[in-house]
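Novice: this one's structure only:
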């Protein structure tokens with residue numbers, strides 16, 4: 001039988017909260033490789049700063065709209081998984097990215113997020129096999145790791161069961177790159193190939209490139225590796241392969257022409273591909289997500305959603321190229337080259353030898369890889385903490401003083417109820433700390449000084465919920481009810497007020513989070529998170545503790561509970577009303 005309105009089973013509610021805390025701290029101590037401490041922001045621990053210089057295709061200063069769009073895409077990529085505390089500032093033609101921590105690998109990778117294209121993997125006319133030459137012998141022992149797996153797999157409609165991933169056979173026997181180059185130099189001299197003859201006098205400049213030597217290298221690479229003859233002429237193909245060294249920086253990175261074929265390497269520097277002209281770019285992708293295939297058993301997969309134009313182009317291409325491969329290239333480097341099992345209309349599923357990390361990385365590339373500009377990294381440096389440990393200690397001291405004042409006020413004004421307030425605040429603090437640690441691992445949340453300020457404000461929000469509940473309960477006692485009967489009635493009246501007040505606070509934090517950037521966003525995030533935790537604590541801790549106290553003979557005594565003065569004031573008020581109105585007394 002359910003209890004009357006406002007009455008609950010306190011032990012059950014407290015048990016639920018205890019279970020939540022146990023689960024949170026089990027995740028804190030038994031998952032992840034990091035320390036059980038929150039991640040700190042740039043202002044408290046320092047970070048890494050990377051400066052990306054924009055390069056327009058025509059060599060002219062980049063348009064402001066292109067820079068704004070590039071900044072937005074990079075911001076989505078940096079903060080795509082949550083609140084990292086990263087900042088992106090536009091400085092002329094540069095985008096300066098600063099993020100917490102000393103690991104700048106993720107920021108360095110942002111400079112590669114320039115041009116995402118879809119290209120067909122061409123076939124060798126003499127053999128009819130996909131032209132995919134191994135740079136070195138692939139390992140045959142064990143499953144491939146994320147760093148050594150071929151960027152190939154299979155594509156299927158996401159609504160159907162994925163087909164078994166099959167890797168295309170390399171042309172002929174797998175040979176190391178040096179051996180392939182030696183064979184090319186003896187069987188196909190560069191002087192006899194159409195690609196080689198076109199490199200006799202490369203232009204002195206390339207659009208967007210100021211260094212003459214770099215311009216010559218780009219033009220020479222284009223003449224060999226983007227020669228139109230590469231699509232059909234085996235001699236041109238071999239000459240292009242001989243000129244490519246996957247272990248060296250690619251001069252064509254970010255400068256390949258979309259309307260020409262391309263000879264390039266995969267992202268793991270294991271295979272070389274001969275690709276046709278681009279038939280679609282990354283702007284046609286609406287979203288890309290990674291996940292584990294629960295039904296088809298294909299392991300980790302990547303799911304793509306195209307916009308209407310992209311979906312039509314992709315459906316036409318896959319319908320005409322069943323059994324072939326389509327390569328996704330980022331700055332001219334093959335990120336993945338899945339095999340097309342059937343015509344795909346609608347959402348697309350990419351399966352293969354993915355790990356969780358590699359699937360997530362490919363999804364990020366496909367989601368945010370297409371930028372309107374190419375970028376080069378002009379600066380990479382470590383940034384010291386702008387505020388440091390003393391500022392964090394000052395913020396924590398301010399929060400501690402505020403908390404102490406709230407506790408002293410509650411103990412002085414509410415007595416035993418103030419002790420329950422203290423217990424509720426301790427439970428709230430335990431929950432907040434665990435959530436901070438887990439968010440730092442899961443969504444890269446970094447606690448900075450504005451975030452600490454948000455938690456200090458949250459103390460007031462939590463205390464306000466206690467005050468509303470206690471004052472409603474005192475109103476019931478003033479009307480002549482006992483402590484025990486006042487608790488459920490006061491809770492029913494206070495609950496709606498608490499929900500309304502917290503809803504307003506949460507909506508304000510959500511709007512600020514959506515509209516703001518940088519540190520202000522972190523402040524809004526912590527304020528909203530604290531508001532939700534406040535609701536959890538008030539419903540699962542404060543109300544049950546007060547209900548338990550009202551059933552205790554000791555704690556429910558007026559002199560101990562702090563309600564004696566209210567009861568006396570109620571008695572005097574009713575006596576005055578009866579004296580002023582005899583009819584009420586006779587009734």
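Specialist: Right, received. Where do you want to start? These figures come from a predicted structure and were not determined experimentally.
Novice: Return the distance of the strand or helix carrying residue 545 from the chain's centre.
Specialist: Taking DSSP states H and E as the criterion, residue 545 maps to helix 543-550. Relative to its parent chain, helix 543-550 has a centroid offset of 41 Å by C-alpha atoms, centre = their mean, to the nearest Å.
Novice: Where does pLDDT dip in the stretch 351-500 of the chain?
Specialist: Across the stretch 351-500 of the chain, residues meeting the criterion (pLDDT under 70) sit at 368-374, 378, 380, 382-389, 391-392.
Novice: what are the ranges of the helices in it?
Specialist: 356-368, 389-414, 416-442, 449-478, 483-515 (DSSP state H, counting those that start in this stretch).
Novice: which residues are in contact with the helix holding residue 545?
Specialist: If you take C-beta atoms under 8 Å, 6 or more residues apart in numbering as the criterion, helix 543-550 is touched by 7-8, 10-11, 13-14, 416-417, 420, 423-424, 469, 473, 483-484, 486-488, 491, 555-556, 561. C-beta here means a position set from N, CA and C on the backbone, and glycine is covered the same way.
Novice: Apply 6 Å and report the result again.
Specialist: Helix 543-550 is contacted from outside by 10, 13, 14, 420, 483, 484, 487, 491, 555, 556, using C-beta atoms under 6 Å, 6 or more residues apart in numbering.
Novice: Quick check: the residue nearest to the first one when sequence neighbours are not counted vs residue 398, distance?
Specialist: I take that to be residue 10. Counting by C-beta to C-beta, 6 or more residues apart in numbering, the nearest residue to residue 10 once its immediate chain neighbours are dropped is residue 544, at 3.6 Å. Residue 544 sits 31 Å away from residue 398 when distances are taken as C-beta to C-beta, to the nearest Å.
Novice: between those two, who's got more neighbours?
Specialist: Legend: neighbour count by other C-beta atoms under 10 Å for residue 544 and residue 398, higher for residue 544 (21 against 13).
Novice: where does that one land on pLDDT?
Specialist: At residue 544, the pLDDT value in this model is 94.
Novice: re earlier: among the contacts of helix 543-550, who's most crowded?
Specialist: So for the contacts of helix 543-550 (other C-beta under 10 Å), the most neighbours sit at residue 487, 27 neighbours.
Novice: who's in contact with that one?
Specialist: So residue 487 contacts 546, 547, 550 (C-beta under 6 Å, 6+ apart).
Novice: are any of those buried, and which?
Specialist: Using 16 or more other C-beta atoms under 10 Å as the burial test, these include 546, 547, 550 as buried.
Novice: still on that earlier bit, among the helices of the stretch 351-500 of the chain, which is nearest residue 569?
Specialist: Nearest of those to residue 569, taken as C-beta to C-beta: helix 449-478 at 6.2 Å.
Novice: and the closest one, which residues are buried?
Specialist: Across helix 449-478, burial judged by 16+ other C-beta under 10 Å covers 449-459, 461-470, 472-478.
Novice: just stretch 429-439 next, same as before
Specialist: Residues of stretch 429-439 classed as buried by neighbour count (16+ other C-beta under 10 Å): 429, 431, 432, 433, 434, 435, 436, 437, 438, 439.
Novice: got a list of contacts for it?
Specialist: 21, 24, 25, 27, 28, 36, 38, 445, 533.
Novice: what's around the third one, how many residues?
Specialist: For residue 25, the count of nearby residues is 17 (other C-beta under 10 Å).
Novice: Pull out the buried residues from the helix or strand hosting it.
Specialist: Element membership for residue 25, per DSSP H and E: helix 10-30. Across helix 10-30, burial judged by 16+ other C-beta under 10 Å covers 10, 13, 14, 17, 24, 25, 28.
Novice: and what of stretch 411-424?
Specialist: 411, 414, 415, 416, 417, 418, 419, 420, 421, 424.
Novice: Relative to residue 507, how far out is the fifth one?
Specialist: Think residue 417. Look at residue 417 and residue 507: by C-beta to C-beta, they are 29 Å apart.
Novice: which residues sit against stretch 281-301?
Specialist: Residues from elsewhere that reach stretch 281-301 (C-beta under 6 Å, 6+ apart): 116-117, 161-162, 302-307, 310, 349, 351, 354, 356, 359-360, 363, 366-367, 369-370.
Novice: Look up the closest residue to residue 499, ignoring the ones flanking it.
Specialist: Nearest to residue 499 is residue 535, by C-beta to C-beta, 6+ apart, at 7.5 Å.
Novice: quick one: that neighbour and residue 506, what's the gap?
Specialist: From residue 535 across to residue 506, the span is 9 Å (C-beta to C-beta).
Novice: Likewise for residue 443?
Specialist: From residue 443 to residue 506 the distance is 18 Å (C-beta to C-beta).
Novice: Compare neighbour counts for these two and give me the winner.
Specialist: Taking neighbours as other C-beta under 10 Å, residue 443 and residue 506 compare with residue 506 leading, 19 against 15.
Novice: How about the contacts made by the more buried one?
Specialist: Counting by C-beta under 6 Å, 6+ apart, residue 506 has contacts 528, 531.
Novice: do the same with residue 335
Specialist: Applying C-beta under 6 Å, 6+ apart to residue 335 gives the contacts 267, 328, 365.
Novice: That one - that's part of a strand, no?
Specialist: Yes. According to DSSP: H, G, I helix; E, B strand; the rest coil, residue 335 belongs to a strand.
Novice: Which pLDDT value belongs to it?
Specialist: On the pLDDT scale, residue 335 is placed at 82.
Novice: for residue 327, same thing?
Specialist: For residue 327, the pLDDT comes out at 91.
Novice: State the pair within the contacts of stretch 429-439 that is farthest apart.
Specialist: Largest separation among those by C-beta to C-beta: 21 and 445, giving 19.5 Å.
Novice: can you count the residues close to the closest residue to residue 463 other than its chain neighbours?
Specialist: Distances taken as C-beta to C-beta, 6+ apart put residue 406 closest to residue 463, at 4.8 Å, once the chain neighbours are dropped. Using other C-beta under 10 Å, residue 406 has 20 other residues around it.
Novice: now residue 406: how far from residue 317?
Specialist: Residue 406 is 64 Å from residue 317, by C-beta to C-beta.
Novice: which is the next helix or strand following the worst-scoring helix or strand of the chain on mean pLDDT?
Specialist: In the chain, no helix or strand scores lower on mean pLDDT, DSSP states H and E than helix 194-197, which sits at a mean of 30. The helix or strand immediately downstream of helix 194-197 is helix 212-225, counting by DSSP H and E.
Novice: how about that next one: buried residues?
Specialist: 215, 216, 217, 218, 219, 220, 221, 222, 223, 224, 225.
Novice: do stretch 549-567 as well
Specialist: Residues 549, 550, 555, 556, 561, 562, 563, 566, 567 are the ones in stretch 549-567 that count as buried (16+ other C-beta under 10 Å).
Novice: can you give me the end-to-end distance of that stretch?
Specialist: Distance between the two ends of stretch 549-567: 17 Å, counting by C-alpha to C-alpha, to the nearest Å.
Novice: pLDDT of it, averaged?
Specialist: Here the average pLDDT along stretch 549-567 is 78.
Novice: next one: the host helix or strand of residue 70 to chain centre, how far?
Specialist: Element membership of residue 70 [criterion: DSSP H and E] is helix 64-78. Centroid separation between helix 64-78 and its chain, computed with C-alpha atoms, centre = their mean, is 16 Å.
Novice: Give the rounded mean pLDDT of it.
Specialist: Mean per-residue pLDDT for helix 64-78: 74.
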